[in-house]
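got a predicted model here, sequence first, then my questions.
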Amino acid sequence: MSTLKISDLRVSIETDQGTKHILKGVDLTIEEGEIHAVMGPNGSGKSTLAYTIAGHPRYKVEGGSITLDGEDVLAMSVDARARAGLFLAMQYPVEIPGVTVSNFLRTAKTAIDGEAPAIRGWGATVKDSMKKLRMDSSFASRNVNEGFSGGEKKRHEILQLELLKPKFAVLDETDSGLDVDALKIVSEGVNRAHETTGLGILLITHYTRILRYIHPDFVHVFVDGRVAEEGGPELAERLENEGYDRYLVEQV
Ligand code: ADP
Ligand code: MG
Ligand code: MG
């Protein structure tokens, strides 16, 4: 049983106006096979949490810890985090000139597993996963992120999720920019990975829309860099009806 544990996490960034403290003591524990939704108003620090787990150099950890099965994630390089079983969608957000999706996936799989997947079986596995995500097979020969639409980027993320089989995935605003059909396909992919591999998911979202398709076991509401409230799926329903006003009023 794997556990991703975030304890009293404090994170800041340097801006032109000086040091900005964004996360002010976040506690969150995810067990293998659990789906946690992190919700909250814009600017509450949700993406900062995702970037910090991903090891983005801009985000400075001032205190607290992130561990995966007791191992210090913050001490790991970005590649080591992926090898340890964390899926970080923003790890490769940029175009990679001359590297096709197919080669990229194979290289990533090799890096994570420590050995190359068998060529023949791998090709079929990739094709099969792409088909489930209703992706055209020509996608495999395109260069990574080159001219990808928002929807293609998201599908590429879920394709990686299905093929790389991480223990935990951090998905930040996976629903943004998707129409309902694409949202359904992407959500189905996330649910498949959850059901078949016991993937633990940290699903970060401002809106409740995606939670109609991906059902969280736990909901955490971020306000001003802290978890302001936690609960089960009923909390997401409440947010759908009431929005975040209640928290913002309390903050003043
Ligand atoms: P959320 O994802 O919940 O909308 P973010 O983590 O993106 O929130 O941002 C939290 C706060 O930190 C915001 O006030 C935002 O403006 C600020 N912030 C985050 N990243 C940066 C950055 N790279 N440069 C300047 N400010 C940032
Ligand atoms: Mg479940
Ligand atoms: Mg964000």
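Right, received. Where do you want to start? Just so you know, these numbers come straight off a predicted model, no measurement behind them. Ligands and ions are numbered 1, 2, ... in the order given.

show the pLDDT at the closest residue to ligand 1 within the stretch 151-252 of the chain.
Minimum separation of the stretch 151-252 of the chain from ligand 1 (CB to the nearest ligand atom) falls at residue 222, amounting to 6.2 Å. C-beta coordinates here come from the backbone N, C-alpha and C atoms, glycine included. The per-residue pLDDT reported for residue 222 equals 97.

ok, now residue 90?
So, for residue 90, pLDDT stands at 62.

output stretch 241-252 in PDB with nothing but the alpha carbons.
Listed in PDB are the C-alpha atoms of stretch 241-252, where the atom choice follows Å, rounded to 0.1, in the frame of the first residue of the first chain:
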ATOM      1  CA  ASN A 241     -24.600  24.800  -5.300                       C
ATOM      2  CA  GLU A 242     -23.000  27.500  -3.100                       C
ATOM      3  CA  GLY A 243     -19.600  28.300  -4.800                       C
ATOM      4  CA  TYR A 244     -16.700  29.600  -2.700                       C
ATOM      5  CA  ASP A 245     -18.300  32.800  -1.300                       C
ATOM      6  CA  ARG A 246     -18.700  31.400   2.200                       C
ATOM      7  CA  TYR A 247     -14.900  30.900   2.500                       C
ATOM      8  CA  LEU A 248     -14.000  34.300   1.000                       C
ATOM      9  CA  VAL A 249     -16.300  36.100   3.400                       C
ATOM     10  CA  GLU A 250     -14.700  34.300   6.400                       C
ATOM     11  CA  GLN A 251     -11.300  35.400   5.100                       C
ATOM     12  CA  VAL A 252     -11.900  39.100   5.300                       C
END
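
returning to that earlier point: got the CA positions of the host helix or strand of the residue of the stretch 151-252 of the chain closest to ligand 1 in CSV?
Assigned by DSSP states H and E, residue 222 belongs to strand 218-223. Below are the C-alpha coordinates for strand 218-223, written out as CSV (Å, rounded to 0.1, in the frame of the first residue of the first chain):
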residue,chain,number,x,y,z
PHE,A,218,-12.3,13.0,-0.4
VAL,A,219,-12.6,16.8,-1.1
HIS,A,220,-10.2,19.4,0.2
VAL,A,221,-11.0,23.1,-0.2
PHE,A,222,-8.1,25.4,-0.5
VAL,A,223,-8.4,29.0,0.6
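
and the next element down the chain from that strand?
Criterion used, DSSP H and E; the element after strand 218-223 is strand 226-231.

can you name every helix or strand that that next one contacts?
strand 18-31, strand 218-223, helix 245-251 (3 or more CB pairs under 8 Å, 6 or more residues apart in numbering; DSSP states H and E).
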